[in-house]
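Chemist: This is a predicted model, with the sequence first.
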Amino acid sequence: MSHILECYEIAKTDFERAVNCHVYDSRGKRYVDLEAGCWAAVLGHNPARIQRVIQEQAAKVIHIGKRYPNAVVEAAAVDVLEAAGLQDGKCVFLSSGSEAVEFAVRAARRASEKPLCLTFANSYLAAYGFAGAKSGDDWQILDWGANPSADPEEILKDVPFEKIGAFVFEPGGSGIGFLHFPPKPLVEAIARRVHSGGGLIAANEITTGMGRTGKWFGFQHYDIQPDIVALGKGLGNGYPVSAVAIRSAAAEALERGGFHYVQSHQNDPLGCAIAREVIAALREENWIERGAELGAWFLDGLREIQEKRALAQEARGRGMLLGLELQPRAEMPVARIYRALLERGYLVGYYAAGNLLRFDPSLTIDRKDILGFLETMDKVAEAAG
Ligand SMILES: Cc1ncc(COP(=O)(O)O)c(C=O)c1O
């Protein structure tokens, strides 16, 4: 890998192929992927029905000029809107999660005609742009982390709700790392007040959408209905397609007001064909229900390790979005545990700042692969003392 820019840590492996939750290096060694790629392959790597759709759609048209409508794109929009509970709304297809969140935030501010955005301090929104920066005069940042059970009234007392155009809600409690799920009473109180002040709720479902948390969307763990839903990762099962679903009133306001956004791969037929098939597979094959059940079982296994091993401080999770926080120890940093697991054939995520191992497996993972991981994790934690 001497010609790939190292702008993040790159492992010294050479993965050649992947099947469901197994990836194989060039020497034929098999690894269990507990990250579903970058948390995207909800249906596992290379499922046959997605491969078939890619081939069929590629043989027809992959990409077409943005002015020219296509039946696959319209059909995918109907599917995404229905899944998001925004049946009469409108949808746009983009390329990455960051782009979808950036679009969602811009759209919410424009449709509500209110300048301010509100989000949580520990929410990850995007790799760049206005949403990625999440700072400056246009952002109100709420930090509930120090006291999760604090009275919402107390936390919200200084928020100027009449000026909030968008509550940008990331239900994964920082998709990028720490997995502290936002408290239900606080989220619901914010949603009520933003709506009654004329603002919109924009849910960032890049990580939490498409069944990751045991429901179609992370916001469904709360009694709220967003006006805008940004989707990515699982929508393409690893192919880079994202989407923004918008409630009809907001979509009409955007169209009336001449909201303009254009990029080269907007509404590409190939990405839309894949998104349709992912949604169909999740619906027809009950993976979300299975993920909820398997995720709860996986979490129980992590909690058993937490009880037995001093190294494990706290297991937490929702559905197939799980983490194991380790005791902070200078001689045993989380990076070393990650490497020990990699050597033993398991791909997991890790976040040094949170001392957290993170697991986002495909919903299709075999129970025995999770069991094998739990046994290995237990041994590694025992050896760490
Ligand atoms: C919660 C959340 N939002 C947005 C993004 C950005 O998505 P992408 O990396 O596809 O641009 C991520 C990526 O990890 C994420 O976890």
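Modeler: Thanks, I have it.
Chemist: Relative to residue 129, how far out is the closest residue to the ligand within the stretch 251-385 of the chain?
Modeler: Residue nearest to the ligand within the stretch 251-385 of the chain: residue 360 (9.5 Å; C-beta to the nearest ligand atom). For glycine as for every other residue, the C-beta is placed from the backbone atoms N, C-alpha and C. Relative to residue 129, residue 360 is positioned 24 Å away (C-beta to C-beta, to the nearest Å).
Chemist: When the two are compared, which one has more neighbours?
Modeler: residue 360 (28 against 16; other C-beta atoms under 10 Å).
Chemist: if we can go back for a sec, next up, the contacts around the residue of the stretch 251-385 of the chain closest to the ligand.
Modeler: 34-36, 39, 207, 212, 320-322, 349 (C-beta atoms under 8 Å, 6 or more residues apart in numbering).
Chemist: pLDDT of the helix or strand containing residue 292, averaged?
Modeler: Per DSSP states H and E: residue 292 is located in helix 287-308. Regarding helix 287-308, the rounded mean pLDDT is 98.
Chemist: now swap in stretch 262-274 and tell me
Modeler: Stretch 262-274 comes out at a mean pLDDT of 97.
Chemist: likewise stretch 134-142?
Modeler: pLDDT averaged over stretch 134-142 gives 96.
Chemist: Could you see whether the ligand lies near it?
Modeler: No: Stretch 134-142 lies apart from the ligand when judged by C-beta under 6 Å from any ligand atom; the minimum separation is 11.2 Å.
Chemist: what comes into contact with that stretch?
Modeler: Contacts for stretch 134-142 (C-beta under 8 Å, 6+ apart): 115-121, 123, 125, 130, 155-156, 159-160, 164, 190.
Chemist: just the residues you listed that are near the ligand?
Modeler: Near the ligand, by the rule C-beta under 6 Å from any ligand atom, you find residue 125 out of those.
Chemist: Specify which residues of the stretch 201-350 of the chain, grouped into ranges, have pLDDT under the cut-off.
Modeler: The stretch 201-350 of the chain contains no residues with pLDDT under 70.
Chemist: show me where it has helices.
Modeler: Assigned by DSSP state H, counting those that start in this stretch, the stretch 201-350 of the chain shows helices spanning 248-256, 269-285, 287-308, 334-343.
Chemist: And the first one, what does it pack against?
Modeler: With contacts defined as 3 or more C-beta pairs under 8 Å, 6 or more residues apart in numbering; DSSP states H and E, the packing partners of helix 248-256 are strand 90-94, helix 97-112.
Chemist: With distance to residue 75, mean neighbour count and mean pLDDT as extra columns, can I get those in TSV?
Modeler: Shown next, in TSV, are the helices and strands packed on helix 248-256 (distance: least, C-beta to C-beta, whole Å; neighbours: other C-beta atoms under 10 Å; pLDDT from 0 to 100):
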stretch	distance to residue 75	mean neighbour count	mean pLDDT
strand 90-94	11	23	98
helix 97-112	19	26	98
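Chemist: With respect to the ligand, which of those lies nearest?
Modeler: The ligand lies closest, by C-beta to the nearest ligand atom, to one member of those: helix 97-112, at 2.3 Å.
Chemist: if we can go back for a sec, ok, of the contacts of residue 360, which come out buried?
Modeler: Buried subset of these (neighbour count, 16 or more other C-beta atoms under 10 Å): 34-36, 39, 207, 212, 320-322, 349.
Chemist: Next, the contact list for the residue nearest the centre of the chain, please.
Modeler: Nearest to the mean C-alpha position of the chain, counting by C-alpha atoms, centre = their mean, stands residue 207 at 0.3 Å. Taking C-beta under 8 Å, 6+ apart, we find residue 207 in contact with 39, 97, 172, 175, 218, 233, 321, 360.
Chemist: quick one on the thing from earlier: tell me the pLDDT at the residue of the stretch 251-385 of the chain closest to the ligand?
Modeler: Per the predicted model, pLDDT is 97 at residue 360.
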